[in-house]
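Novice: give me a 3D structure for the following:
(one chain, ligands or ions: 1)
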Amino acid sequence: MNYISTRGQAPVLDFEAVTLAGLASDGGLYVPEAWPALTPDELRALRGASYEETANAVIAKFVGDTLSAEEIAELTKAAYGAFSHAAVTPLVQLDGRHWLLELFHGPTLAFKDVALQLLGLLFEKFLTARGERLTIVGATSGDTGSAAINALAGRECAEVFMLHPAGRVSDVQRRQMTTVIAPNVHNLAIEGSFDDAQAHVKRMFRDPDMAGLRLSAVNSINWARLMAQIVYYVYAAVRLGAPDRSVAFSVPTGNFGDVFAGYVAARMGLPVERLIVATNVNDILHRALSAGDYSAGTVSPTAAPSMDIQVSSNFERLLFDLADRDPARLTAMMEGFDETKRLRLDDDIREKAAAMFSSARIDADEMSMTLQWAWRQTGNLIDPHTAIGLAAARQEELAADVPVVTLATAHPAKFETAVERATGMRPQLPGRLSGLMDRAEAYETLPGTYEAVRDFVRTNAALPA
Ligand SMILES: *Cc1c(COP(=O)(O)O)cnc(C)c1O
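Specialist: This next block holds a predicted model:
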C-alpha cells in the first residue's frame, strides 16, 4: 500500500514513512493511493470477533508489507489491552433507535487514546529499528496533549514538548498532562490563547535553527491515527448487523478527523446509511455541507472546547476524494482558501457530499437539553461533545429500521462542570484516575513570545538543535 499527497507534489510513501511524516512536503495530506475493500464475507467473518481481531483485519489492509500479521497482532494487543473495558469501545443502547459508541475507556478518557496508544507503539517500533529519535512538539486545547503524553511517556524513541494555553484548559485536562513525570515529557503552559501556542509550534517547524531536532507532530493529520479510528466504525456496525443491515453514525466534529475515518470505512464497503456531522456554534463544517460555504469565522469558546475549531484540516482529504482525486483541482481550491479563508464548493462536490453526509449545528441550549434527556430518560451521563452528536442524531430523519450510533468521544468527568450544570449530577472520575487531583504536577510557565518557547525547547531537548 502506497500513500499519495492530496496536492500531488510530494514523494509517494509506504506506511512506515507516512506514519513518521505527518504533513506532506507539498503542504497536502497523505491518503492511500486507492481504498482497500472489506467484502461482505470479510465483514461476516468479523461477527463475534474481539476489538483487537477487528483491528488486525482492518489494519492489515493499510500497512502493505511494513508489518506482518503477527506484528500487527502484538501492537493491537499492547495498545488496547490497557483499555478499562473488555470490549474496548462498547455499544450502549439508549432507546429503540439510538446507541452510544463509548470511545473513552482509554487511559486519558477521550477517543484520542484509541489512535494515539497505537501511534506511540508504531513510532517506537519503526524508530527503534532505524536507530532514530524524534522531537515531538504540539499545542493542545486539552485532549490531544494528554493522550499523546500518555502514549509516549518513558519511550526512548521520542521526546515530547506539549504547549497548552496557561489557565485555559480544565483542571482535569491540565493534570492529566502535568502529573505524568517522565524524562522525555515537557509540559509548557504558555501565556496567551490556544491559537498563539499553535502558531509557535508551526513557526518552529519552519525555523532553520530547529532543524537538528528532527521535529515531528502527532495531530490528526497523521494518517495512522485515522486508520486506527476506522476500526470502531467496523466493530460497531458488524455488531448491529452489517453487512446485512446498514447503520448511521453521528460524529461530534472539530478537525473532521473522526468522521473522515467513517467515510473511509464506507468507501471500503461498510454499509453506512449516513454520516451525521455535528458541530457546535463553530460551524464551518455545517455551513460547508449544508450550503457549500467553507469559510472560516472567529472561534467562540464553548462547553465543548475540543470542537472549537474554525479550520478543519482533514476536510482537505474529503475534498480530494470528491474532486475525483485530481491534485491540480484540489490544490487550486486549497490555495484559494489559504489566501482568502473562504471556499465555495462546486456543485458536483456538494452533490457527492450530500449523498453520504448530513450536518447539524447544535447551540448551547440544545446541547444542554440533550445532556438532560440522556440522563433523565436513559440514565446515562454524557459529556458535552457527545451531547452535540446525540442532539444531531435525534434531529436526523431516517428510515425506522436504521440504527443510529452516536460516537461518545469523552468521559463526562473530563467536563464535569458543564455536565453538572445541565443535569445536577457531578460525574465521578473512574477509579484509576481517582488520585489525579492530589498528584504532584510538573510544568514550566513561559511568556507568550516565540523566542521564549524556542529557547526553552532548544535548551532542554536531548537532540542538538
Ligand atoms: C478531538 C475531539 C473531538 C473532535 O474530533 P475531530 O477528529 O477533531 O473531529 C470531539 N470530541 C472530543 C472529546 C475530542 O477530544
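Novice: residues near Ala199, how many?
Specialist: Around Ala199 there are 15 other residues, counting by other CB atoms under 10 Å. C-betas here are computed from N, CA, C, even on glycine.
Novice: residues touching the residue of the stretch 1-150 of the chain found nearest the ligand, list them.
Specialist: Nearest residue of the stretch 1-150 of the chain to the ligand (CB to the nearest ligand atom) works out as Asp143 at 3.4 Å. When contacts are counted by CB atoms under 8 Å, 6 or more residues apart in numbering, Asp143 touches Thr108, Ala110, Lys112, Gln173, Ser306, Ala410, Lys414.
Novice: okay, it: pLDDT?
Specialist: Per-residue confidence (pLDDT) for Asp143: 88.
Novice: from Asp326, how far off is Asp348?
Specialist: As judged by CB to CB, to the nearest Å, Asp348 and Asp326 stand 11 Å apart.
Novice: for Leu285, same thing?
Specialist: Counting by CB to CB, the gap from Leu285 to Asp326 is 22 Å.
Novice: more neighbours, the two?
Specialist: Neighbours were counted for Leu285 and for Asp326 using other CB under 10 Å; Leu285 has more, 25 against 11.
Novice: part of a helix, is the more buried one?
Specialist: Yes - secondary structure of Leu285 (DSSP: H, G, I helix; E, B strand; the rest coil): part of a helix.
Novice: that one and Val12, how far apart?
Specialist: Separation of Leu285 from Val12 (CB to CB): 29 Å.
Novice: likewise Phe456?
Specialist: 37 Å.
Novice: same check on Glu52?
Specialist: In terms of CB to CB, Glu52 sits 30 Å off from Val12.
Novice: kindly report the residues of the stretch 301-450 of the chain close to the ligand.
Specialist: Counting by CB under 6 Å from any ligand atom, the stretch 301-450 of the chain comes close to the ligand at Ser306, Met307, His385, Thr409, Ala410.
Novice: mind listing which of those are in helices?
Specialist: If you go by DSSP state H, these have His385 in helices.
Novice: farthest pair within the residues of the stretch 301-450 of the chain next to the ligand?
Specialist: Farthest-apart pair in those is Met307 and Ala410; separation 10.6 Å (CB to CB).
Novice: common neighbours of the two, please.
Specialist: Taking CB under 8 Å, 6+ apart as the criterion, Met307 and Ala410 both touch His385.
Novice: does the helix-or-strand element of the chain with minimal mean pLDDT come close to the ligand?
Specialist: When the helices and strands of the chain are compared on mean pLDDT, DSSP states H and E, helix 194-206 comes out lowest with a mean of 85. No - judged by CB under 6 Å from any ligand atom, helix 194-206 stays clear of the ligand, getting no closer than 12.5 Å.
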